[in-house]
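need a 3D model of the sequence below.
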Amino acid sequence: MWPYFKNLKKTELAPMAVGVAVEKERLFSWIPANFTQINLSFQQAEKVTKLSIRKSILTDLKSIGDNFSVLKIRGIRIYMTGQVFNLLGDWMQQTAQAWLVWELSHKATALGLVAFLSQIPYFIFGPWVGIFADKYDRRKILLITQIISMALAIILALLIQTNRVTLQSVYLLAFLLGTVTAFNVTAEQAFIGSIAGPGNIKKAVALNNTVNQLTRLVGPAIAGSLIAFLGLAPAFWLNALSIFVSIVCIFLIHTSPEINKSDGNGLKQFVEGIKYLIQQKLLRLIIFFGAIQAFFGMSIVQLLPAFSSVILKGNAQTLGHLYGAAGAGALVGIVIVLPFVQKIKRSCLAIGGSVIWSGCWYILFSFCSSLPLAMLCQFMASLGASNVLTLSLGLAQELTLVHLRARILSTFMMVIFGLQPIASWLVGLSADKFGIHTVMLVNGSLMIILTSALLTLPSLIKLKIEISEPAGGKHQFLIPIK
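Here you go, the predicted model:
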């Protein structure tokens, strides 16, 4: 090749040199004239990326704090202040009562039975408490139920302090308190929606659950320490005092009572609510998810006193640590995780995914034999469980007409808290017969299997939600759920 070029004349080489130069300029024309331009390009891209990340973080923080925006409403501020004290005392009493039953019996069956008696009123009176809350002033219902709850706490404290408490008396008081709470909870949820106003219901429900889980984090730990150093009675006395504070706060809230003036007796009104529920397929599916969480997940909580004593070889403080870990997980789930989950447009996928998440951690919990690992499992399981209940309650209210809201909520509560006592009783019997580890493993597995089956049904890919206005006409929404 070189001899060929060597023998060519300069005049013949010139055109070839020009062609090579042109081709070289074409091939490398995309390269900047100097490396300064490259550096500027990278700097601009980095700046855009930083701004994008900063904007994303600010948006996420805004989502987390958005649920607290309802505190601008005076009624919500006062009510939540009372709830902090009320729920703190309530969690203290729940922890003390569970440990009391365990010390009196040392049987998981007794734990399941007291849970059954505490929660069966939701199933018995479920359809009627919603009608009651729709028909009468919810503020007055809350005041009456809180006064009765305070009286029951005082009675139990006196029985313990005078050494007259028996397992049968605990069963009776648990049933009475469960009956009062059945009327209280439904009226409370509807009352929160009333003082929050349209557009703020889900935020108010989420905030109420945040307060619940925050007190769940602190209350059991305080109760465990009180029981270890001062005995059981102080936990019940403090609960009575906390209820009194809640009563004062409710007195300070002034609202216009939302009373349903529709004609017809209680049975007719209940049938009206059931018909509406049957028409709303999405509401039914939400209740199914809540039922799975309640029946197989929440019933495991009833075994924690036995788990603390038998498996972990601990005491009331150990039980307080497990309850506290569960409360911490639920608090993180509501305050930090929930705002992001609420952005998911496919609501049922978010709720179902939370049930599956909890089931996985309950399975791991069934193999635990150390307190740190058990606390971690309770933390992670409650993180998902709190999203199931909060999303379900909020979405159920958003999809329900105002004058039917309390009735639909009572149906939801009847399922959630009505199935739980049956599950608690069965779980207690099974734990005594097959072992605590086995029961927890089976429950966690069924949560995953049943929820996955619901989410994979082809007919549930899309549901049409029809919300009828009282004045006539229908609004239809196509809501993708999977």
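
how far away from the center of its chain is stretch 292-307?
15 Å (Cα atoms, centre = their mean, to the nearest Å).

next, count neighbours for the closest residue to Ala385 other than its chain neighbours.
Of all residues not flanking Ala385 in the chain, Ser358 sits nearest, at 4.8 Å (Cβ to Cβ, 6 or more residues apart in numbering). (Each C-beta comes from the backbone N, C-alpha and C, glycine too.) Here the number of neighbours of Ser358 (other Cβ atoms under 10 Å) works out to 31.

Ala235 is in contact with Ile227, isn't it?
Yes: between Ala235 and Ile227 there is a contact at 6.7 Å, judged by Cβ atoms under 8 Å.

joint contacts of the two?
With contacts taken as Cβ atoms under 8 Å, 6 or more residues apart in numbering, the residues that reach both Ala235 and Ile227 are Thr95, Ala96.

these two: who's more crowded?
Between Ala235 and Ile227, Ala235 has the larger neighbour count (other Cβ under 10 Å), namely 32 against 24.

got a list of what the more buried one touches?
By Cβ under 8 Å, 6+ apart, Ala235 lies in contact with Met92, Gln93, Thr95, Ala96, Ala223, Leu226, Ile227.

looks to me like it is in a helix.
Yes: under DSSP: H, G, I helix; E, B strand; the rest coil, Ala235 falls within a helix.

need the contact list for the residue lying closest to Ile154 once chain neighbours are set aside.
Nearest residue to Ile154, sequence neighbours excluded (Cβ to Cβ, 6+ apart): Ala240, at 5.0 Å. Ala240 is in contact with Gly89, Met150, Ala153, Ile154, Ala157, counting by Cβ under 8 Å, 6+ apart.

list the backbone torsions phi and psi for Ala240.
phi -60, psi -40 (degrees, to the nearest 10).

related to what we said a few turns ago, now render the contacts of Ala240 as JSON lines, adding pLDDT, neighbour count and distance to Asp137.
Converted to JSON lines, those look like this (pLDDT from 0 to 100; neighbours: other Cβ atoms under 10 Å; distance: Cβ to Cβ, whole Å):
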{"residue": "Gly89", "pLDDT": "93", "neighbour count": "29", "distance to Asp137": "25"}
{"residue": "Met150", "pLDDT": "96", "neighbour count": "20", "distance to Asp137": "20"}
{"residue": "Ala153", "pLDDT": "95", "neighbour count": "25", "distance to Asp137": "24"}
{"residue": "Ile154", "pLDDT": "96", "neighbour count": "16", "distance to Asp137": "26"}
{"residue": "Ala157", "pLDDT": "95", "neighbour count": "22", "distance to Asp137": "30"}
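
which ones among these map onto helices?
Here DSSP state H is the test, and these give Gly89, Met150, Ala153, Ile154, Ala157 as lying in helices.

give me the distance between the residue nearest to Ala385 and Ser169.
With the distance defined as Cβ to Cβ, to the nearest Å, Ser358 ends up 34 Å from Ser169.

and Met168, how many neighbours?
That one is not Met; residue 168 is Gln. The number of residues packed near Gln168 is 9, by other Cβ under 10 Å.

ok, Ile334 touching Asn387?
Yes: Ile334 is within contact range of Asn387, at 7.4 Å (criterion: Cβ under 8 Å).

low-confidence ranges in the chain?
Across the chain, the ranges flagged by pLDDT under 70 are 1-67, 126-127, 256-274, 341-345, 401-407, 410-411, 413-418, 458-482.

show me what contacts Leu395?
So Leu395 contacts Lys202, Ile286, Ser347, Ile351 (Cβ under 8 Å, 6+ apart).

will you turn these into JSON lines that also has distance to Ala133 and secondary structure?
Putting the contacts of Leu395 into JSON lines (distance: Cβ to Cβ, whole Å; DSSP: H, G, I helix; E, B strand; the rest coil) gives the following:
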{"residue": "Lys202", "distance to Ala133": "19", "secondary structure": "helix"}
{"residue": "Ile286", "distance to Ala133": "20", "secondary structure": "helix"}
{"residue": "Ser347", "distance to Ala133": "25", "secondary structure": "helix"}
{"residue": "Ile351", "distance to Ala133": "24", "secondary structure": "helix"}
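
can you pick the most crowded of these?
Top of these by neighbour number is Ile351, holding 28 neighbours under the definition other Cβ under 10 Å.

distance check, that residue against Gly290.
Applying Cβ to Cβ, one obtains 8 Å for the distance of Ile351 from Gly290.

same check on Ile247?
Distance of Ile247 to Gly290, given as Cβ to Cβ: 30 Å.

more crowded one of those two?
Gly290 (25 against 18).

for stretch 70-86, which positions count as buried?
If you call a residue buried by 16 or more other Cβ atoms under 10 Å, then stretch 70-86 has these buried ones: 70, 73, 75-76, 78-86.

which non-adjacent residue is nearest Leu87?
Computed as Cβ to Cβ, 6+ apart, the closest residue to Leu87 that is not its neighbour in sequence is Thr215, at 4.0 Å.

residues near the one you found, how many?
24.

helix/strand/coil for it?
Secondary structure for Thr215, judged by three-state DSSP, is helix.

do the one 10 residues further on as well
Of the three states, Ser225 takes helix under three-state DSSP.

burial of it, as a residue count?
Applying other Cβ under 10 Å, we find 14 residues neighbouring Ser225.

wait, it touches Gln317, no?
Yes: at 6.6 Å, Ser225 counts as touching Gln317 under the criterion of Cβ under 8 Å.

strands of the chain, start to end?
Using DSSP state E, the strands found in the chain span residues 462-468, 474-480.
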